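[1] dropping a prediction and its sequence here:
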Amino acid sequence: MLNKQTMVSAQTALKGRETPMPVEEIHYVNHSNITEQPNEHQQQIVIGMGCFWGAERLFWQLDGVVSTAVGYAGGFTPNPTYEEVCSGETGHTEVVRVIFNPQRLPLERLLSHFWEKHDPTQGMRQGNDKGTQYRSAIYTYSAQQQQIAQASKQRYQQALSASQRALITTEIAPAGPYYYAESYHQQYLAKNPNGYCGLGGTGICFPPQLSE
């Protein structure tokens with residue numbers, strides 16, 4: 001029997017399919033096109049912090065975020081379905097692709113919300129949601145983003161350690177393929193305001209810069 005909290009390998013993962021998931025392009029909340037790539041004044045980053053419904057709502061509410069979309073990343077199966085990801089046999093985690101304007105929302109400030117709004121020490125789970133698809137992750141698109149993400153992890157670990165909390169298990173890596181989730185998952189909590197939101201932080205604030 002598969003242990004959903006143990007990562008599969010490329011050899012044992014589901015084979016998936018070549019056809020991308022059809023997705024409604026218009027963001028339900030801010031009416032941006034969720035399939036567009038960032039322009040020269042924007043950046044993108046892919047973030048996993050447990051169930052992607054609440055995570056996406058967190059980010060679309062931030063000033064400086066241009067667009068959000070939920071999907072799957074970090075695993076092996078091309079163009080997976082939600083059911084396949086939930087099986088634990090794809091290696092993917094549930095993620096939010098965030099396109100943002102770094103002049104209005106610097107990446108470190110964006111990541112401060114990431115660190116504070118979930119528990120990044122739980123490994124292959126988030127609260128009662130257990131499985132590799134709920135692991136904490138940051139997937140970056142440049143060396144600069146990677147450096148900022150690693151530095152923010154170190155700063156938050158110092159804050160956690162000062163309160164005798166566990167070590168961060170967040171995966172930080174260059175972004176691989178990102179696959180859109182089904183349309184009914186996109187902006188789910190705007191369409192279903194009473195839907196499940198699994199976000200829950202450690203209660204430890206991200207330490208501000210000395211100049212802030």
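    In hand now; what should we look at? Numbers count the residues shown, from 1 in each chain.
[2] who touches stretch 116-131?
    4-7, 49-51, 55, 58, 86, 88, 132, 134-136, 153, 156, 160, 165-170, 198-202, 204-206 (Cβ atoms under 8 Å, 6 or more residues apart in numbering). No exception for glycine: its C-beta is placed from N, CA and C like everyone else's.
[3] for that stretch, measure first residue to last.
    End-to-end distance of stretch 116-131 (Cα to Cα, to the nearest Å): 21 Å.
[4] give the buried residues for it.
    116-120, 122-126, 130-131 (16 or more other Cβ atoms under 10 Å).
[5] in the residues you listed, find the pair that's most separated.
    116 and 131 (23.0 Å; Cβ to Cβ).
[6] quick check: mean pLDDT of stretch 161-178?
    Rounded to a whole number, the mean pLDDT of stretch 161-178 is 98.
[7] how far off centre is that stretch?
    With Cα atoms, centre = their mean, to the nearest Å as the basis, stretch 161-178 stands 12 Å off its chain's centre.
[8] please enumerate residues in contact with that stretch?
    Contacts to stretch 161-178, defined as Cβ under 8 Å, 6+ apart, come from residues 45-46, 48, 71-74, 78, 93, 95, 97, 120-123, 135-141, 146, 149-150, 153, 156-157, 160, 202, 204.
[9] following the strand or helix carrying residue 114 in sequence, what is the next regular element?
    For residue 114, the enclosing helix or strand under DSSP states H and E is helix 107-116. Per DSSP H and E, the first helix or strand lying C-terminal to helix 107-116 is strand 125-126.
[10] note down every partner strand of that following strand and its orientation.
    strand 129-130 (antiparallel) (DSSP bridges).
[11] for the chain, which residues score under the pLDDT cut-off?
    Within the chain, the stretches with pLDDT under 70 are 1, 210-212.
[12] can you map out the strands along it?
    43-49, 65-73, 93-100, 125-126, 129-130, 136-140, 171-174, 178-180 (DSSP state E).
[13] I'd like these as CSV, with distance to residue 30 appended.
    Output for those, formatted as CSV (distance: least, Cβ to Cβ, whole Å):
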stretch, distance to residue 30
strand 43-49, 16
strand 65-73, 7
strand 93-100, 11
strand 125-126, 26
strand 129-130, 27
strand 136-140, 22
strand 171-174, 28
strand 178-180, 17
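[14] nearest to residue 28, of these?
    Using Cβ to Cβ, the nearest of the strands of the chain to residue 28 is strand 65-73, at 10.2 Å.
[15] who are the neighbours of that closest one, in terms of helices and strands?
    strand 43-49, helix 52-60, strand 93-100, strand 178-180 (3 or more Cβ pairs under 8 Å, 6 or more residues apart in numbering; DSSP states H and E).
[16] picking that back up, for PyMOL, what selects the buried ones among the contacts of stretch 116-131?
    To isolate in PyMOL the members of the contacts of stretch 116-131 that are buried, counting by 16+ other Cβ under 10 Å, one can use:
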select buried, resi 4+49+50+51+55+58+88+132+134+135+136+153+156+160+165+168+170+198+199+201+202+204+206
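[17] okay, and which of the contacts of stretch 116-131 map to helices?
    Judged by DSSP state H, those include 55, 58, 86, 153, 156, 160 as members of helices.
[18] how near is the first one to residue 103?
    When Cβ to Cβ, to the nearest Å is the yardstick, residue 55 and residue 103 sit 23 Å from each other.
[19] cool, the last one as well?
    Distance, residue 160 to residue 103, by Cβ to Cβ: 30 Å.
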